[in-house]
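Need the 3D shape of this:
(chains A, B, C and D)
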2 protein chains.
Amino acid sequence: MKRNSDLQAHRMLKAAKLYCTKVRIAILKVLMKTDKPLSQEQIAQRSGKKRFDKVTIYRTLESLLKVGLVHKAFIEKRAWHFELAHNCTESQCHPHFTCTNCGSTHCLIEISLPMAKSPHKGFVIHRQQVRLEGLCPACV
Amino acid sequence: MKRNSDLQAHRMLKAAKLYCTKVRIAILKVLMKTDKPLSQEQIAQRSGKKRFDKVTIYRTLESLLKVGLVHKAFIEKRAWHFELAHNCTESQCHPHFTCTNCGSTHCLIEISLPMAKSPHKGFVIHRQQVRLEGLCPACV
DNA sequence: AATATATTTGCAACTTAGTTGCAATTTTGT
DNA sequence: ACAAAATTGCAACTAAGTTGCAAATATATT
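Below is the predicted model:
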């Protein structure tokens, strides 16, 4: 019995011409169920009792990253965090907010800043990431 | 024979009520001489033949960070990078640009984005960091 | 200048995040 | 069901950063 999210994951992988493997589907489902960027450790914890190897998870995330299905978010506590790439344009994702008090991270999808304009010096800007710090509603 | 930069480092530390130690002065001088954020490894390499212990460097940077003399910049290659806090306002530093081709990082001090406005949800934004990706003049 | 106190430093050992090589397994197209 | 291509899991490793503690240094006081 396949669920909606399974089918959706399948579709995403097919569209990206990636093999539909258990790990990839499991990870996509984990990311579909959350609204926060997750570390490999968090993904491992949430992807079912049969814990996948961390190497596999890293490699899976890398393959999903390469085809643009997920994004890497700024580090908190020195670990990369990943999330589905929905709601993001090619050049800009939503800002990520980290609470300096409790350390939690939130995606502020309501906010978007104008893209930085390249200075005359010959830099070509492709992507922009914004990270915000402050107090979350629970800690204000 | 003390140099200008020594005196300046001394003054900065005095003003911040920190002990004027060799490591702190050496690190401040290293950071004064560069316009890019440096990792502890890079700082170690540049702070003279008598290489300071990395623990010491990390702790020194932390003390400088706490009094606001330096800033931590976004990670590249999974390592924190540090730079003098000059040219930064309380709420926003200049954007950091990383070249996706050669991996070099530049401080784009000419650019500044408007501060993000907090959404109504009760988030209080204190600081904003912007990271840019693209091609540097050498790689265009 | 000598001393007492407070702070900082260096060492060793450890943790955490992420990577590499390779053999075994799984997925896909036929 | 089979072969080719891609993915997975394991073990071992690297790189970044941290902790505890004893020794060394900086500062203020005499």
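
partners of the residue nearest to the spatial centre of chain A in the sheet?
Closest to where the C-alpha atoms of chain A average out (Cα atoms, centre = their mean) is A:Glu83, at 1.6 Å. Note on A:Glu83: beta-bridge partners by DSSP bridges are A:His71.

Distance check, it against A:Thr56.
19 Å (Cβ to Cβ, to the nearest Å). (Glycine included, C-beta is placed from N, CA and C.)

ditto for A:His10
A:His10 is 19 Å from A:Thr56, where distance means Cβ to Cβ.

can you check A:Leu65 too?
15 Å.

Are the strand ranked longest in chain A and chain B in contact anywhere?
Counting by DSSP state E, the longest strand found in chain A is strand A:124-135. Yes: residues of strand A:124-135 contacting chain B under Cβ under 8 Å from any Cβ of the partner chain: A:Val124, A:Ile125, A:His126, A:Arg127, A:Gln128, A:Gln129, A:Val130, A:Arg131, A:Leu132, A:Glu133, A:Gly134, A:Leu135.

can you pull the buried residues of that strand?
Neighbour-count burial for strand A:124-135 flags A:Val124, A:Ile125, A:Arg127, A:Gln128, A:Gln129, A:Val130, A:Arg131, A:Leu132, A:Glu133, A:Gly134, A:Leu135 (criterion: 16 or more other Cβ atoms under 10 Å in any protein chain shown).

Just the closest of those residues to B:Ala73, please.
Ranked by distance to B:Ala73 (Cβ to Cβ), the buried residues of strand A:124-135 are led by A:Arg131 at 10.9 Å.

Correct me if wrong: that closest one contacts B:Ile125.
No: A:Arg131 lies out of contact with B:Ile125 (Cβ atoms under 8 Å); the separation is 10.7 Å.

Spell out which residues make up each domain of chain A.
A:1-86, A:88-140 (automatic domain parsing).

what mean pLDDT does the last one have?
It refers to domain A:88-140. Confidence for domain A:88-140, expressed as mean pLDDT, is 87.

which outside residues touch stretch A:106-122?
Residues from elsewhere that reach stretch A:106-122 (Cβ atoms under 8 Å, 6 or more residues apart in numbering or on different chains): A:35-37, A:83, A:87, A:91-92, A:94-99, A:124-125, A:128, A:130, A:132, A:136, B:95, B:108, B:110-111, B:113-114, B:116-117, B:119, B:123, B:130, B:132, B:134, B:136-137, B:140.

buried subset of those?
Buried among the contacts of stretch A:106-122 by 16+ other Cβ under 10 Å: A:37, A:83, A:92, A:94-99, A:124-125, A:128, A:130, A:132, A:136, B:95, B:108, B:111, B:113, B:116, B:123, B:130, B:132, B:134, B:136.

who are the neighbours in contact with the closest residue in space to A:Ala16 that isn't next to it in sequence?
For A:Ala16, ignoring the flanking residues on the chain, the nearest one in space by Cβ to Cβ, 6 or more residues apart in numbering or on different chains is A:Val67 at 4.0 Å. The contact partners of A:Val67, taken as Cβ under 8 Å, 6+ apart, are A:Ala16, A:Lys17, A:Leu18.

Need the buried ones from those selected in ChimeraX.
Restricted to buried positions by 16+ other Cβ under 10 Å, the ChimeraX selection for the contacts of A:Val67 reads:
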select /A:18
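
Can you name the residues of chain A that neighbour DNA strand C?
Contact residues, chain A versus DNA strand C (Cβ under 7 Å from any atom of the strand): A:13, A:19-22, A:39-41, A:54-55, A:58-59, A:62, A:75, A:77-80.

So which residues of chain A form helices?
A:4-15, A:22-32, A:40-46, A:54-66 (DSSP state H).

Next, give phi and psi for the residue nearest to A:Ala26 when sequence neighbours are not counted.
Nearest non-adjacent residue to A:Ala26, counting by Cβ to Cβ, 6+ apart: A:Ser47, 4.4 Å away. Dihedral pair for A:Ser47: phi -100, psi 30, per degrees, to the nearest 10.
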